[in-house]
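Peer 1: Just to be clear, the model below is a prediction. Sequence and coordinates:
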Amino acid sequence: MAALMGKKVVIIGGSSGIGLGVAEAAVERGAELVMVGRSLERLAAAKASLGPQANVETISADMTNEAEIARLFEEVGPFDHLAATAGSPPPGSPIREINIAEVRAFVDNKLLGAILMAKYASRTLKTGGSITFTSGINKDRPPVPGGAVVSAIAGSFSYFIRALALELAPMRVNVVSPGWVDTPMFEQLAGIMKSELFETMAAQLPAGKIATPADISPAYVYAMESEFTTGQTIDIDGGQSLI
Ligand SMILES: NC(=O)c1ccc[n+]([C@@H]2O[C@H](COP(=O)([O-])OP(=O)(O)OC[C@H]3O[C@@H](n4cnc5c(N)ncnc54)[C@H](OP(=O)(O)O)[C@@H]3O)[C@@H](O)[C@H]2O)c1
């Protein structure tokens, strides 16, 4: 295992939720961070939350924009690990009522964004470095009705990373698949129903609670540090896929 001390870690989606949890864990382990998102204001707040000792650079870029992703990795230069946690709320309508414009926007953000990251990150990622994407429990336990699109996109990551792990070797490529996590995105999705949903789910989960970003970040740290882990889907869901 190689620790993250002195390693340059890029976190796309680092200004909130799961990405900010990964940022906290990486800083604790001595990494130098580049945190990326669209909003400079969110990035500045996230950087401040990591404290004055943290070695953090923030760069604004939209992962759906090829020119911005190309410019981002040019600016970053050689680096050791990429954690890609950025995402937007999925469309949740039943298939007969689905709005194709919303589906296209989601695919553009989540899937094409990941493809763009792989295209440009792999040019400057150091040998032995890693890329870790994010999918989610909806691939195993899709909401019914309305879960077909998110399930298809989340599930596709497990195959995307297997092919990339072969193509980009010896760089390593993995995906972390979290269960429900208490983040601003979940707040946006569930609104006032959040507490009730969390209480009901926590009572059923083998882990007995809903995850915080700090419960999920060890999976990303593992994917970065384990030199023998590649092409893997790392499920970290408190047992949600079992119930
Ligand atoms: N929370 C859960 O329960 C859960 C469970 C399973 C999987 N996931 C997945 O985990 C990922 C992170 O979720 P989260 O709950 O941590 O969300 P979050 O708190 O809303 O954070 C999303 C992050 O992504 C950034 N982002 C969004 N669109 C972007 C774009 N086009 N380009 C660059 N950055 C962008 C946001 O910053 P800006 O808005 O400033 O760009 C923010 O930093 C998502 O893909 C989500 O589907 C979440």
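Peer 2: Thanks, I have the structure now.
Peer 1: which residues sit in contact with the residue nearest the centre of the chain?
Peer 2: By Cα atoms, centre = their mean, the chain has its centre lying nearest to Thr85, at 1.9 Å. Thr85 is in contact with 11-14, 17-19, 22, 134, 220, counting by Cβ atoms under 8 Å, 6 or more residues apart in numbering. Any C-beta I mention is one placed from the backbone N, CA and C, and that applies to glycine too.
Peer 1: if we go to 6 Å?
Peer 2: 13, 18-19, 134 (Cβ atoms under 6 Å, 6 or more residues apart in numbering).
Peer 1: got a winner among those for most neighbours?
Peer 2: Ile18 (30 neighbours; other Cβ atoms under 10 Å).
Peer 1: All the strands of the chain, residue numbers only.
Peer 2: 8-12, 32-37, 56-60, 79-84, 125-134, 172-178, 233-236 (DSSP state E).
Peer 1: average model confidence for the second one?
Peer 2: If I follow you right, that is strand 32-37. Strand 32-37 shows a mean pLDDT of 98.
Peer 1: any low-confidence regions in this protein?
Peer 2: 1-2 (pLDDT under 70).
Peer 1: So which residues of it form helices?
Peer 2: 17-28, 40-49, 66-76, 100-107, 113-124, 148-168, 184-190, 194-204, 213-225 (DSSP state H).
Peer 1: can you redo those helices as JSON lines with distance to the ligand?
Peer 2: Formatted as JSON lines, those follow (distance: least, Cβ to the nearest ligand atom, whole Å):
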{"stretch": "helix 17-28", "distance to the ligand": "2"}
{"stretch": "helix 40-49", "distance to the ligand": "4"}
{"stretch": "helix 66-76", "distance to the ligand": "8"}
{"stretch": "helix 100-107", "distance to the ligand": "10"}
{"stretch": "helix 113-124", "distance to the ligand": "6"}
{"stretch": "helix 148-168", "distance to the ligand": "7"}
{"stretch": "helix 184-190", "distance to the ligand": "3"}
{"stretch": "helix 194-204", "distance to the ligand": "10"}
{"stretch": "helix 213-225", "distance to the ligand": "7"}
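Peer 1: before we move on, the earlier item: which pair in the contacts of Thr85 spans the largest distance?
Peer 2: The span of the contacts of Thr85, defined through Cβ to Cβ, is set by Gly19 and Thr134 at 8.4 Å.
Peer 1: Give me the buried positions along stretch 143-156.
Peer 2: 146-151, 153-156 (16 or more other Cβ atoms under 10 Å).
Peer 1: Having no further points to raise, I will conclude here.
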